[in-house]
Every structure is written in C-alpha cells, then in structure tokens.
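1. below: sequence and its predicted model.
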Amino acid sequence: MLYHLVSQFTFDGQPANEPYAPASLFEEGFIHLSATPAQITWVANRFYADVPDLVALVIDEERLAAPLRWDETPDGRFPHLYGPLNREAIVDIVPVTRNP
C-alpha cells in the first residue's frame, strides 16, 4: 500500500467522478506519496503540522493507472505518481495523527 496525505476538505473539494489531481501534479509533474509509517509521520509533521483535518488516502499500487516511480530526494527515497490518481486505486481514507 501507498499513501497520499491531504486535507479532507481539499480532497472532498475535487470532483468525485474524476481522477484526483492535487496542485503538486500541475506544479511539479507528480503526486507525492509515502510508503512507510515513518515516511507518513515525517511528511505529516514537516509539511502538514497545521492541517487539522489531515487524512491519508490509502492506495493500492496494483490499481494505479498512471506511472509510479521511486525517486531519490534529499530526504530519502519516495514514491511519486506521474499522473492523476484514479479513484479506483483509493481503497480507504484514514485520519492521520501527528507527533506532538
């Protein structure tokens, strides 16, 4: 499983009958994903500390329609989705808790 962190409000604001396409897809060319609990916690604390309604989209990588790549970043190796996230790949949405 892979995970994408997002505000529930932001996710709900996108049309439910279309693939999910966050701003990063248009700004950077990919969707940021996490693959481990450590990555989820690190991303949540670093980039989403002020987001009260943070959720993780739980993604079945076998169902992805867009290309998935594992890229080296200054902060480690992370999965990135190079295209919109098809709704069929989202198998759950769970609240995320951050470290104090």
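-> Looks like it arrived, so ask away. Residues are numbered from 1 along each chain as shown.
2. can you map out the helices along this structure?
-> Per DSSP state H, the chain carries helices over the ranges 8-12, 23-28, 37-47.
3. which other residues reach the second one?
-> So that's helix 23-28. 30, 31, 32, 83, 84 (Cβ atoms under 8 Å, 6 or more residues apart in numbering). Backbone N, C-alpha and C define where each C-beta goes, glycine included.
4. check contacts around the closest residue to the fourth one other than its chain neighbours.
-> Right, the one you point to is residue 83. Of all residues not flanking residue 83 in the chain, residue 66 sits nearest, at 2.6 Å (Cβ to Cβ, 6 or more residues apart in numbering). Applying Cβ under 8 Å, 6+ apart, we find residue 66 in contact with 81, 82, 83, 84, 85, 86.
5. just the buried ones out of these, please.
-> Burial by neighbour count, 16 or more other Cβ atoms under 10 Å: within the contacts of residue 66 this picks out 81, 83, 84, 85, 86.
6. the first one contacts residue 33, doesn't it?
-> Yes - with contacts counted by Cβ atoms under 8 Å, residue 81 reaches residue 33, the gap being 6.0 Å.
7. and for the two, which residues touch both?
-> Joint contacts of residue 81 and residue 33 (Cβ under 8 Å, 6+ apart) are 4, 68.
8. show me where pLDDT drops low in this structure?
-> 99-100 (pLDDT under 70).
9. one more time with 90
-> For the chain, applying pLDDT under 90 flags the ranges 37-38, 49, 73-76, 97-100.
10. the chain: strands as residue ranges?
-> 2-7, 31-32, 54-59, 68-73, 76-81, 90-95 (DSSP state E).
11. how near is residue 71 to residue 43?
-> 14 Å (Cβ to Cβ, to the nearest Å).
12. who has more neighbours, the two?
-> residue 43 (22 against 12; other Cβ atoms under 10 Å).
13. which ones are touching that one?
-> By Cβ under 8 Å, 6+ apart, the neighbours of residue 43 are 5, 32, 34.
14. tell me how far it lies from residue 18.
-> 25 Å.
15. mean neighbour count, the strands of the chain: which tops it?
-> The highest mean neighbour count among those, using mean count of other Cβ atoms under 10 Å, belongs to strand 31-32: a mean of 23.
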